[in-house]
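Asks: A predicted structure for the sequence below; I have some questions about it.
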Amino acid sequence: MRVLFWLLVCLTMGLPVTAQTTADRSSTGGAQTLADIMARQNGEDVDDTFRRDNTGDPSQAATADQQLGTRGGISDPEFWRALRYGSADVRVSAGGEVATVLVQDGGMSWLAFRAGPLRQYGGWLLLGTLALLAVFYLLRGKIRINGDRTGRTVTRFKAIERFGHWLVAGSFILLGLTGLITLFGRVLIAPYLGKEVNATLLELSKWVHNNVAWAFIVGLVIIFVMWVAHNFPSRTDLVWIAQAGGIIGSKHPPAKKFNAGQKVIFWSVILFGASISITGVSLLFPYELPLFAKSFAIANDIGLSGLLGLGELPAALAPQEEMQLAQLWHAILAFVLMAIIVAHIYIGSIGMEGAYDAMGSGEVDEVWAKQHHSLWLEDIQQGQKAKIAPSSDASPAD
Amino acid sequence: MKAMLTGFAAILVIALGANLLLQQAGFASHEKLSGSAVRLDVEK
């Protein structure tokens, strides 16, 4: 998944993944030309190795008694270039590896990606999902129960299952909203409600986001343990998918406790939720849990990056870059999961009659169960019969 | 409904607990990345 993310970042930010042609810089003595500057300002890829690698040569240094000899063969521009491109040998007495990075080039790419594509595509993804659901609702309307309710109910989810669901759901909504405030506050809140309001909301959002995150993680573990056994793919899922889950048309394909659509939701929550949680914890303890350099190294070693045509991924990253990549990955996956969950909320509330009962009271009408989870209902009813049967056959002496 | 409210209450309890623990863990930015010579509007 991180490799996919790197591909996305490369494509969107236009990092130099393509081969560069060597430019003629004789007119400036090897320094950057007006064409280089213009290309950079136009957002084009510029091969900067002529500057990046031009950091002096101590082996050619004059002896200490000659002019500039005490500089060790490195001029001021060369020294600053090394600092700017992160290749200078910086040693610090405090602050660790983080403090050795004086100029962090990747920070601009991160800032530009966060303020640009992340907000745009993320925002449109959510708005687009809402619009699609609105159109679907207008076209299809609420999915009704066929026929009258029987009044007889079956327990769909036990109290502990509903508790786990709402722990994840409640925390995810809080995390989603506070995450959106953090990302969009500067452009959507500050200009209209003022910077003071935005600052207060940001401070509150930060507190909520940092602390509610743990409830989400706990809930994620609970629902995984409770429901994983019911969410492995089965042959019934193919029938469900073939009939589009009965959403289009009036057929009700058979399903066990969870249908194929619910399984997709489950695995999205578990996998995306886990990756969001891991990167979130990495961000909560800055620089303590770097994830990406190691992942990239593994992707390089097993040939995954080559297989995807990404070439050699950077296996050495500045501590700040680790945090920047963690933040972007965290946000991208969160947007995707939010879009999925918005659809889940729709179908569990206004989209389908009787669906909310399953997570509200935990009791669903038999007719609803028969229409949406027929195989599960059969299992439940057989189980109940099996419980009753031995006691009716048994004599008092048994 | 009771399970939902219990879930929401658990979120609050976990968040308050996490806040207490994280404050003592010493991982706040000002604790990690600044010293006594840096004037910040936070209690150190």
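Replies: Received, thanks.
Asks: dump the residue contacts of the residue of chain B found nearest chain A.
Replies: Using Cβ to the nearest Cβ, the single residue of chain B nearest to chain A is residue B:7, 3.1 Å away. For the C-beta atoms, the positions are set from N, CA and C on the backbone; glycine is no exception. Neighbouring residues of residue B:7 by Cβ atoms under 8 Å, 6 or more residues apart in numbering or on different chains: A:162, A:163, A:164, A:165, A:166, A:167, A:169, A:170, A:219.
Asks: helix/strand/coil for it?
Replies: With DSSP: H, G, I helix; E, B strand; the rest coil as the basis, the three-state label of residue B:7 is helix.
Asks: before we move on, what about the one 3 residues further on?
Replies: Per three-state DSSP, the secondary structure class of residue B:10 is helix.
Asks: before we move on, back to that, ok, and the closest non-adjacent residue to the residue of chain B closest to chain A?
Replies: residue A:166 (3.1 Å; Cβ to Cβ, 6 or more residues apart in numbering or on different chains).
Asks: after the helix or strand where the one you found lies comes which helix or strand?
Replies: Using DSSP states H and E, residue A:166 sits within helix A:159-184. Next helix or strand after helix A:159-184 toward the C-terminus (DSSP H and E): helix A:190-193.
Asks: quick one: average confidence on that following helix?
Replies: Throughout helix A:190-193, pLDDT has a mean value of 96.
Asks: contacts for it next, please.
Replies: Outside helix A:190-193, the residues that reach it (Cβ under 8 Å, 6+ apart) are A:197, A:198.
Asks: CA-only coordinates of that helix in PDB, if you can.
Replies: Coordinates of each C-alpha in helix A:190-193 appear next as PDB, following Å, rounded to 0.1, in the frame of the first residue of the first chain:
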ATOM      1  CA  ALA A 190     -10.500  31.000   8.700                       C
ATOM      2  CA  PRO A 191     -11.600  33.100   5.700                       C
ATOM      3  CA  TYR A 192     -15.300  33.000   6.800                       C
ATOM      4  CA  LEU A 193     -15.400  32.600  10.500                       C
END
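Asks: any residue of the helix or strand just after it touching chain B?
Replies: Proceeding N to C from helix A:190-193, the next assigned helix or strand is helix A:195-227, under DSSP H and E. Yes: applying Cβ under 8 Å from any Cβ of the partner chain, one finds helix A:195-227 in contact with chain B at A:207, A:208, A:210, A:211, A:212, A:213, A:214, A:215, A:218, A:219.
Asks: which one of those residues is nearest to residue A:268?
Replies: Lowest distance from residue A:268 to the residues of helix A:195-227 next to chain B (Cβ to Cβ) belongs to residue A:219, with 14.9 Å.
Asks: from residue A:146, how far out is that closest one?
Replies: From residue A:219 across to residue A:146, the span is 34 Å (Cβ to Cβ, to the nearest Å).
Asks: more neighbours, these two?
Replies: residue A:219 (26 against 12; other Cβ atoms under 10 Å in any protein chain shown).
Asks: tell me who's in contact with the more buried one.
Replies: Counted by Cβ under 8 Å, 6+ apart, residue A:219 has contacts A:164, A:165, A:167, A:168, A:171, B:7.
Asks: so residue A:324 is in contact with residue A:105, correct?
Replies: No: with contacts counted by Cβ atoms under 8 Å, residue A:324 stays clear of residue A:105, the gap being 11.1 Å.
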